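Chemist: Need a 3D model of the following:
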Amino acid sequence: MTYSAKKLSELLAMDGADSALGHCMEALAESPGDAGLHHVYGRVLNNLGRLEEALHELNQAIGIDTENSLMLAHRGHILLRLQRRDEAVDDFQNALALESSQVVALGGLASICLAVGRTAEATALLVRLTECDPGKQMHWLNLGLARHESGLLHEAEEALRTALELLPGDPDTSCALASVLQSQGRLDEASEWFARVLHSQPTHPQAIAAMAGIREILGRPDEAMDMLRPMLTGKTGEVAPAIGLAAAQLLQKSGDTKDAVAQLEAVLSNDGTDALQRSTAHFLLSAIMDKKGEYDKAFVEAEKANRIRSGRYSEKHQEHCFARSREIFASGILQNPGSVAMQESPVIFIVGMPRSGTSLVEQILDSHSNIYGAGELDFVGRIVAGLVESVASRRPYPDCLEEMKPSQIEALSTDLSGHYATLAGSARFVTDKMWQNFEFLGLIQLILPAARVIHCRRDSRDTGLSCFLQGFGVAGPPFSYSLPGIAHYYGQYMEMMNYWQRTLTLRILDLHYEQLVTDPEVQIRRLLEFLGLEWEPACLEFHRNRRMVKTASSDQVRQPLYRSSIGRHRNYSVHMDDFFAALQAGGDG
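Modeler: Residues are numbered from 1 along each chain as shown. As a prediction, this is how the structure comes out:
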């Protein structure tokens, strides 16, 4: 019996590639000019991992049926598996040009955008995917993960709750939702969701590791280790990587570096360790070596960690985005700010490069009775992400700003002011420490012209090194995984900040990390004077403030000020000559 392409596709879905393989070959022997048969045969070969043969069959199919969007999309996925990313993008885009709702192509393009760190584009594609195919749980899960990586926490929560409605109790989705809640500081709710996973799967590694992490955040490291200990009894290679990493982090912080290194080596030797976990393990090893003063070894481990996650940063894309923003704001759109925001604003934006002292500044300010430190908020990012829709424009941000009406500016101003005022509560001010907001200072002036901005500065060499050694987890900035990327982005950031400071009327205070550390009282008094606040001694005792800090600097802000981070780059100078030169070439003197 000879099967048609439709029957073979059904057989592939029901019984798998092995079952369909022979039937495909028989059918093609009888009908070698059937595009559909070549298409299905290519999918079978793809499922069997025979990628070059699969590509040949899809080429045959498309050669016969040149305008089939599904064939183009499937060939794109094969090309992607063959590491031919640019060709895959062409196929996905051509498929979407033929059929704008082609879900295979939308998913493929979204995965590429996520891989290269273009999370905003990935999120937009995944939104389209959920609109075209709203009943598929995996689309909503991926959308939630992308939004989490983009820092759009509320939207991530919405997507993941939708995914759970489609597949109630799914452990991966439940853990993803719990992680988003944890990122929002809603630790009780996050713990509840992790506990649900553990109720059905008591040994779920991710849930146990995350629960231990929450205990550590709450200042209960002994409880955290007690949760992990029963899972650490297996032989080398049998302990789940998530558990080994969580244990290593706790052991490192307690000073037990020998056992921490043993756990990390076991994680790296485990075949089940994924790429992100391997990267995290190398970053932790780098931190241990750095603390021991073994800087060459620390740099080697950091290189390994970053190499795993590099390749996600596009210099051309970044240059285009920042240049276009300057062009738009030079066109005169700042002449009509929102009328509500012309009054006093409660928000203090703390901006600058990652690892430039933003967490330290917020911790100091939160120690004042009239300031509430709210952490990294996604309010401005959410406005940017939704601006095209709210303005009803067909142009992306920032071009869509040219179409905004005064009433829309006022509505955004009222909405954003309300969010910040609610968070501030009885305090006079609330801080938003989302460092990337420096990109949007033009928009901030448009809708909140009375806001204050603290621009954190630090020696570019120390900032860049700290980014390179850090490891930022799932949502790390794409530029931070290579020294050339860091140097390039630093130059772009400085060009952007210099432009804003020349052209905006926002109140912006430059605060240098080195001056803050060496002369804290003078600099803190300067900070408070900028904000119009009286001096409070508690600001000097910021390390006694027990507020939760969710960023990479959470340990540092629990300690009194120390100067050891000043000039840290000298320990690594033998490895960083090219980086230093690139910084100078980029305009940093």
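
Chemist: gap between the closest residue to residue 292 other than its chain neighbours and residue 217?
Modeler: Spatial nearest neighbour of residue 292, excluding adjacent residues (C-beta to C-beta, 6 or more residues apart in numbering): residue 257 at 7.2 Å. In short, each C-beta sits where N, CA and C put it, glycine included. Distance, residue 257 to residue 217, using C-beta to C-beta, to the nearest Å: 21 Å.

Chemist: Next: residue 177.
Modeler: Taken as C-beta to C-beta, the span from residue 177 to residue 217 is 18 Å.

Chemist: quick one: buried residues of the helix or strand harbouring residue 297?
Modeler: Per DSSP states H and E: residue 297 is located in helix 295-309. Judged by neighbour count using 16 or more other C-beta atoms under 10 Å, the buried positions of helix 295-309 are 295, 298-306, 308-309.

Chemist: packing partners for it?
Modeler: Applying 3 or more C-beta pairs under 8 Å, 6 or more residues apart in numbering; DSSP states H and E, we find helix 295-309 packed against helix 275-291, helix 460-470.

Chemist: got the CA positions of it in PDB?
Modeler: C-alpha atoms of helix 295-309 as PDB (Å, rounded to 0.1, in the frame of the first residue of the first chain):
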ATOM      1  CA  TYR A 295      43.200  35.900  39.200                       C
ATOM      2  CA  ASP A 296      44.500  34.000  36.200                       C
ATOM      3  CA  LYS A 297      42.400  31.000  37.100                       C
ATOM      4  CA  ALA A 298      39.400  33.300  37.800                       C
ATOM      5  CA  PHE A 299      39.700  34.900  34.400                       C
ATOM      6  CA  VAL A 300      39.900  31.500  32.600                       C
ATOM      7  CA  GLU A 301      36.700  30.300  34.400                       C
ATOM      8  CA  ALA A 302      34.900  33.600  33.600                       C
ATOM      9  CA  GLU A 303      35.900  33.200  29.900                       C
ATOM     10  CA  LYS A 304      34.400  29.700  29.900                       C
ATOM     11  CA  ALA A 305      31.200  30.900  31.500                       C
ATOM     12  CA  ASN A 306      30.800  33.900  29.100                       C
ATOM     13  CA  ARG A 307      31.700  31.800  26.000                       C
ATOM     14  CA  ILE A 308      28.700  29.600  26.600                       C
ATOM     15  CA  ARG A 309      26.300  32.600  26.600                       C
END
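
Chemist: That helix: how far from the chain's middle?
Modeler: In terms of C-alpha atoms, centre = their mean, to the nearest Å, the centre of helix 295-309 is found 20 Å from the chain centre.

Chemist: what's the angle between it and helix 460-470?
Modeler: 70 degrees (axes from the mean of the first three to the mean of the last three C-alpha atoms, to 10 degrees).

Chemist: How far away from the center of its chain is the worst-scoring helix or strand of the chain on mean pLDDT?
Modeler: The weakest-scoring helix or strand in the chain, judged by mean pLDDT, DSSP states H and E, is helix 5-15 (a mean of 82). Offset of helix 5-15 from its chain centre (C-alpha atoms, centre = their mean): 39 Å.

Chemist: and what of stretch 413-429?
Modeler: Average the C-alpha atoms of stretch 413-429, do the same for its chain, and the two points are 26 Å apart (C-alpha atoms, centre = their mean).

Chemist: quick one, strands of the protein?
Modeler: For the chain, the strands defined by DSSP state E cover 347-352, 371-373, 429-432, 452-457, 507-512.

Chemist: and the closest residue to residue 382 other than its chain neighbours, how many residues sit next to it?
Modeler: Leaving aside its chain neighbours, residue 382 sits nearest to residue 152 (6.0 Å; criterion: C-beta to C-beta, 6+ apart). Other residues lying near residue 152 total 25 when counted by other C-beta atoms under 10 Å.

Chemist: so which of the strands of the chain gets nearest residue 578?
Modeler: Closest to residue 578 of the strands of the chain, according to C-beta to C-beta: strand 452-457, at 23.1 Å.

Chemist: Now do the same for that closest one: mean pLDDT, whole number.
Modeler: What strand 452-457 shows for mean pLDDT is 98.

Chemist: Point out the other elements, helices or strands, that that strand touches.
Modeler: Counting contacts by 3+ C-beta pairs under 8 Å, 6+ apart, strand 452-457 is packed against strand 347-352, helix 358-366, strand 507-512, helix 520-531.

Chemist: swap the cut-off to 7 Å and go again
Modeler: Under the contact criterion of 3 or more C-beta pairs under 7 Å, 6 or more residues apart in numbering; DSSP states H and E, strand 452-457 touches strand 347-352, helix 358-366, strand 507-512.

Chemist: which neighbours does that strand have in its sheet, and in what orientation?
Modeler: Pairing partners of strand 452-457, with direction, according to DSSP bridges: strand 347-352 (parallel), strand 507-512 (parallel).

Chemist: Show me which parts of stretch 402-414 are buried, residue by residue.
Modeler: Within stretch 402-414, the residues that count as buried by 16+ other C-beta under 10 Å are 404, 408-410, 412-413.

Chemist: Please tell me how far the closest residue to residue 210 other than its chain neighbours sits from residue 460.
Modeler: Excluding its sequence neighbours, the residue lying closest to residue 210 (C-beta to C-beta, 6+ apart) is residue 194, at 5.4 Å. Per C-beta to C-beta, residue 194 is found 40 Å from residue 460.

Chemist: Would you mind listing the buried residues in whichever helix in the chain runs longest?
Modeler: Scanning the chain for the longest helix, with DSSP state H as the assignment, gives helix 483-503. Residues of helix 483-503 classed as buried by neighbour count (16+ other C-beta under 10 Å): 483, 485-494, 496-497, 499-500.

Chemist: other SSEs contacting the least confident helix or strand of the chain?
Modeler: helix 17-30, helix 35-47.

Chemist: Quick one: these as TSV, columns for mean neighbour count and mean pLDDT too.
Modeler: Converted to TSV, these look like this (neighbours: other C-beta atoms under 10 Å; pLDDT from 0 to 100):
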stretch	mean neighbour count	mean pLDDT
helix 17-30	16	86
helix 35-47	24	91
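
Chemist: Take those and write them to TSV, including distance to residue 125.
Modeler: TSV is the format used below for those (distance: least, C-beta to C-beta, whole Å):
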stretch	distance to residue 125
helix 17-30	28
helix 35-47	22
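
Chemist: Out of those helices, flag the one nearest residue 187.
Modeler: Nearest to residue 187 among those is helix 35-47 (42.3 Å), distances taken as C-beta to C-beta.

Chemist: The residue nearest to residue 382 touches residue 385, doesn't it?
Modeler: Yes: look at residue 152 against residue 385 with C-beta atoms under 7 Å: they come within range, at 6.2 Å.

Chemist: Quick one: residues contacting residue 456.
Modeler: 350, 352, 356-358, 361, 511, 513 (C-beta atoms under 7 Å, 6 or more residues apart in numbering).
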